[in-house]
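predicted structure and sequence below. I'll ask about it afterward.
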Amino acid sequence: MKGPKALCELQGYVYSAWIRMAEVFDALGDGVRAEELRAKAAVLFERFNAAFWDDELGFYAYALDGDKKKVLTIASNVGHCLWAGIVPRSEPRLLWNA
């Protein structure tokens, strides 16, 4: 596997940071910047779920390698994605049935 790698939990951290910073900008009265951050987070949410979910495994990939191929190892790192909110709760995926 050639580098760099895109680890699943790092995608979640960025998503969470953008959502939380949008709340800060809302509180500061900068709704325009808040909406920009929410829009970036929404794009990341969609891209993450399209790129990292693996139907055959029924789980999220641990990472994408340097060629953007899924690293299909079940690991607890995906738990960070749950915490960050980048995993959709509305979809009946195996992750929510555990």
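That came through, no problem. Everything numeric in this text was worked out from a predicted model, so none of it was measured. Numbers count the residues shown, from 1 in each chain.

so how far is H80 from V14?
As for V14, its distance to H80 is 11 Å (criterion: C-beta to C-beta, to the nearest Å). Glycine gets a C-beta too; all of them are placed from N, C-alpha and C.

now do A61
A61 sits 14 Å away from H80, going by C-beta to C-beta.

name the residues contacting each of those two.
Residues touching both A61 and H80 comprise C8, with contact defined as C-beta atoms under 8 Å, 6 or more residues apart in numbering.

of the two, who's got more company?
Neighbour totals were compared for A61 and H80, and A61 leads with 23 against 18 (other C-beta atoms under 10 Å).

for that one, give me its contacts.
Contacts for A61 (C-beta under 8 Å, 6+ apart) come out as C8, A51, F52, W53, D54, K70, V71, L72, T73.

could you export those residues as TSV, including distance to W18?
Formatted as TSV, the entries for the contacts of A61 read as follows, by distance: C-beta to C-beta, whole Å:
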residue	distance to W18
C8	16
A51	17
F52	17
W53	20
D54	25
K70	24
V71	24
L72	27
T73	27
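
show the buried residues in the residues you listed.
By the neighbour-count criterion of 16 or more other C-beta atoms under 10 Å, these include these buried positions: C8, A51, F52, W53, K70, V71.
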